[in-house]
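Student: The following comprises the amino acid sequence and a computationally predicted model.
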Amino acid sequence: MKSIHIGIVIPVFNESKNLLETCSSLGFGEKADQLKNTYLFLIDNGSTDDSVTIAENIRISSRPNSVFIGHEPERGYVPPRHKGVRMCKEFAFEKKINDSDFLVLQCDGDTYYEKGFLEKMLDGFAKYKKGVLFEGSVNYPDYFINQHKEFVDLCIETDNKLFSLFVDDNYDVIVDDKVCGYNLDDYWKWGGHTREFDDRGDEIHVGSTRLFLKSLYHNVKKVRIYDAVAKHSARKIILNPALQFAVAGFTQSTSWKRHWAKNYKGPKKIEQIIQTKKENGIEKLVSTRYKHLLTIFCILPLHSFNVLDQDIQYPNQNFKEFILSILPKRDREDLRNNPGTFINDSFRAIERYGDAILEKALSYSK
């Protein structure tokens with residue numbers, strides 16, 4: 001069997017606080033346990049702190065010629081990730097490694113990867129190799145759970161309310177950027193990461209979700225590696241817990257967040273949210289989270305697989321037919337060339353029919 005090589009791509013923008021620990025958890029840096037045939041591509045995206053210096057120290061203290069530092073001047077989520085994959089391609093070509101034997105893993109500079117993460121992802125790749133997007137698991141960091149258990153429980157409680165209306169895991173199209181991987185050859189076949197903008201001029205983020213939507217044109221499936229576990233940073237939640245609760249972790253557009261900040265008048269801090277919840281005063285927060293959950297785990301996958309003529313085995317046929325009836329008609333080529341359109345369609349539907357959708361959803365989920 002040919003050796004499999006792993007290229008880990010990490011975008012870096014002002015990650016001086018966490019980058020060293022992140023890279024160490026992946027086997028790079030001083031005294032780290034580095035996996036064979038594993039390479040790290042750190043892509044600076046215009047950092048103004050000590051991130052580049054730290055990256056250089058990680059390079060020096062790791063196995064020779066295993067860490068590469070790139071610079072991407074175009075700011076954003078997509079450009080540094082795409083730059084990193086291009087560097088993987090160049091490396092594979094230089095070392096005469098077949099693209100089909102090269103696993104690209106996307107990671108984040110503020111995330112801790114538990115022991116065995118790389119090995120578990122590698123096992124999945126060795127089993128399937130082509131035509132698959134791999135996704136690990138993400139949990140809250142332990143300290144956050146210990147300090148804010150009631151907030152975490154509130155998130156779980158809210159999500160469980162509508163869980164019966166989410167599509168089966170086999171049809172889930174949301175991909176977490178920080179724990180996914182794919183065959184290098186497949187990446188180019190699918191069309192790679194690209195920037196897209198909605199009908200209001202806002203950039204549509206969630207680049208790996210859009211990459212996966214494009215890949216569906218090629219009958220790609222997503223395989224979850226449940227025991228490949230990462231602990232994400234809680235800094236966004238701590239900075240703006242109300243917003244992060246409302247969007248259920250989804251990266252919303254700049255305009256949406258601006259509108260939310262202007263109009264949301266409810267509790268903003270974690271302690272205030274919990275206290276107000278006890279007084280039954282967080283209806284707007286919960287309602288907004290419900291609508292995001294329905295959009296990303298129900299409307300978007302139904303919309304996407306509908307153009308592929310795949311009849312999803314959905315738990316409530318009446319609700320499915322209602323959702324499809326309010327969405328615009330698209331085709332396979334739209335999914336292949338403009339996957340962001342499907343995200344845009346789904347959120348426009350929830351904006352226009354949100355109350356009716358939520359009313360039906362809550363009645364069906366009882």
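Tutor: That came through, no problem. Residues are numbered from 1 along each chain as shown.
Student: got the end-to-end distance for stretch 112-119?
Tutor: End-to-end distance for stretch 112-119: 15 Å, by Cα to Cα, to the nearest Å.
Student: what mean pLDDT would you report for that stretch?
Tutor: Per-residue pLDDT over stretch 112-119 has a mean of 97.
Student: buried set for it?
Tutor: Using 16 or more other Cβ atoms under 10 Å as the test for burial, stretch 112-119 gives 112-113, 117-118. C-beta here means a position set from N, CA and C on the backbone, and glycine is covered the same way.
Student: after the helix or strand containing Tyr182, next one along is what?
Tutor: Tyr182 belongs to strand 180-183 when assigned by DSSP states H and E. Remark: after strand 180-183, the chain's next helix or strand is helix 184-190, criterion DSSP H and E.
Student: Off-centre distance for that next one?
Tutor: Taking Cα atoms, centre = their mean, to the nearest Å, the mean C-alpha location of helix 184-190 is offset from the chain mean by 18 Å.
Student: distance between the ends of stretch 270-285?
Tutor: End-to-end distance for stretch 270-285: 12 Å, by Cα to Cα.
Student: I would like the residues contacting that stretch, please.
Tutor: 148, 150-151, 154, 237-238, 241-242, 245-246, 264, 266-267 (Cβ atoms under 8 Å, 6 or more residues apart in numbering).
Student: And the average pLDDT for it is what?
Tutor: For stretch 270-285, the mean per-residue pLDDT is 90.
Student: now do stretch 178-197
Tutor: Over the span of stretch 178-197, the pLDDT mean works out to 97.
Student: Output it as CSV - backbone C-alpha positions only.
Tutor: This file holds the C-alpha atoms of stretch 178-197, laid out as CSV (Å, rounded to 0.1, in the frame of the first residue of the first chain):
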residue,chain,number,x,y,z
LYS,A,178,-11.8,23.3,11.5
VAL,A,179,-12.2,19.6,11.5
CYS,A,180,-12.7,18.5,7.9
GLY,A,181,-10.5,16.8,5.3
TYR,A,182,-10.5,15.6,1.7
ASN,A,183,-8.3,14.0,-1.0
LEU,A,184,-6.1,16.6,-2.7
ASP,A,185,-7.2,15.4,-6.1
ASP,A,186,-10.8,15.7,-5.2
TYR,A,187,-10.4,19.3,-4.0
TRP,A,188,-9.5,20.4,-7.5
LYS,A,189,-12.2,18.2,-9.1
TRP,A,190,-14.9,19.8,-6.9
GLY,A,191,-13.7,23.3,-7.8
GLY,A,192,-11.9,24.3,-4.6
HIS,A,193,-12.7,27.1,-2.2
THR,A,194,-14.2,30.2,-3.9
ARG,A,195,-15.6,33.5,-2.7
GLU,A,196,-19.3,34.1,-3.2
PHE,A,197,-21.6,37.0,-2.4
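Student: Flag every buried residue along that stretch.
Tutor: 178-187, 189-193, 195-196.
Student: so what's Tyr353 up against?
Tutor: Tyr353 neighbours (Cβ under 8 Å, 6+ apart): Ile326.
Student: three-state assignment of it?
Tutor: Of the three states, Tyr353 takes helix according to DSSP: H, G, I helix; E, B strand; the rest coil.
Student: how near is it to Phe322?
Tutor: Counting by Cβ to Cβ, to the nearest Å, the separation of Tyr353 from Phe322 is 9 Å.
Student: count of neighbours near Pro64?
Tutor: 7 (other Cβ atoms under 10 Å).
Student: separation between it and Lys17?
Tutor: From Pro64 across to Lys17, the span is 27 Å (Cβ to Cβ).
Student: Please name every helix or strand in contact with the top strand by length along the chain.
Tutor: As assigned by DSSP state E, the longest strand anywhere in the chain is strand 221-231. Secondary-structure packing of strand 221-231 (3 or more Cβ pairs under 8 Å, 6 or more residues apart in numbering; DSSP states H and E): strand 112-113, helix 117-128, strand 132-139.
Student: possible to save the ones you listed as TSV with distance to Ser287?
Tutor: Shown next, in TSV, are the helices and strands packed on strand 221-231 (distance: least, Cβ to Cβ, whole Å):
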stretch	distance to Ser287
strand 112-113	33
helix 117-128	36
strand 132-139	25
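Student: Which one, of these, ends up nearest to Leu335?
Tutor: strand 132-139 (14.8 Å; Cβ to Cβ).
Student: picking that back up, comparing the helices and strands packed on strand 221-231, which comes out most buried?
Tutor: Of all the helices and strands packed on strand 221-231, strand 112-113 carries the top mean neighbour count, a mean of 23, counting by mean count of other Cβ atoms under 10 Å.
Student: Out of the buried residues of stretch 112-119, which comes closest to Lys127?
Tutor: The shortest approach to Lys127 among these belongs to Leu118, at 15.1 Å (Cβ to Cβ).
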